[in-house]
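>>> just coords:
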């Protein structure tokens, strides 16, 4: 199972997938942050309370970092020949 992590080609090939997943997490986090700001400004609950939207936003921002680290490793391995 862990043999693929030892394969340089597999890591380089997964770079695009990591970048797309990181971008998706980051965009969702920005949307959730805006929903939290709007919910707090209008003093209403948009499905969740404003603090819950902010916590979801923080969790997705932190989650996107791990995907971007994977992308950075793939780019590093691609250029290191």
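Great, that's in hand. Computed from a prediction, not measured in an experiment: that's the story for all the values here. Numbers count the residues shown, from 1 in each chain.
>>> For the helix or strand hosting residue 24, name the packing helices and strands.
Using DSSP states H and E, residue 24 maps to helix 15-42. Counting contacts by 3 or more C-beta pairs under 8 Å, 6 or more residues apart in numbering; DSSP states H and E, helix 15-42 packs against helix 50-79. Quick note: C-beta positions are derived from backbone N, CA and C, even for glycine.
>>> State the pLDDT value of the spatially most central residue of the chain.
Nearest to the geometric centre of the chain sits residue 64, at 2.0 Å (C-alpha atoms, centre = their mean). Listed pLDDT for residue 64 reads 90.
>>> Could you pull out the buried residues of the helix holding residue 24?
Across helix 15-42, burial judged by 16 or more other C-beta atoms under 10 Å covers 15, 18-19, 21-22, 25-26, 28-29, 32-33, 35-36, 39.
>>> Can you name the two of these that sit furthest apart?
Spatially, the most separated pair among the buried residues of helix 15-42 is 15 and 39, at 36.1 Å (C-beta to C-beta).
>>> re earlier: ok, so of the buried residues of helix 15-42, who is nearest residue 7?
Nearest member of those to residue 7, counting by C-beta to C-beta, is residue 15, at 13.2 Å.
>>> Could you measure from the spatially closest residue to residue 58 that is not a sequence neighbour over to residue 51?
Closest residue to residue 58 apart from its sequence neighbours, by C-beta to C-beta, 6 or more residues apart in numbering: residue 29 at 7.7 Å. To residue 51, residue 29 is 15 Å away according to C-beta to C-beta, to the nearest Å.
>>> Over to residue 62?
17 Å.
>>> Quick check: the residue nearest to the centre of the chain vs residue 14, distance?
Distance of residue 64 to residue 14, computed by C-beta to C-beta: 16 Å.
>>> now swap in residue 21 and tell me
Distance from residue 21 to residue 14, by C-beta to C-beta: 10 Å.
>>> do the same with residue 66
13 Å.
>>> Of the two, which one has the most company?
Neighbours per residue, other C-beta atoms under 10 Å: of residue 66 and residue 14, the larger number sits with residue 14, 17 against 13.
>>> and that one, what does it touch?
70, 74 (C-beta atoms under 8 Å, 6 or more residues apart in numbering).
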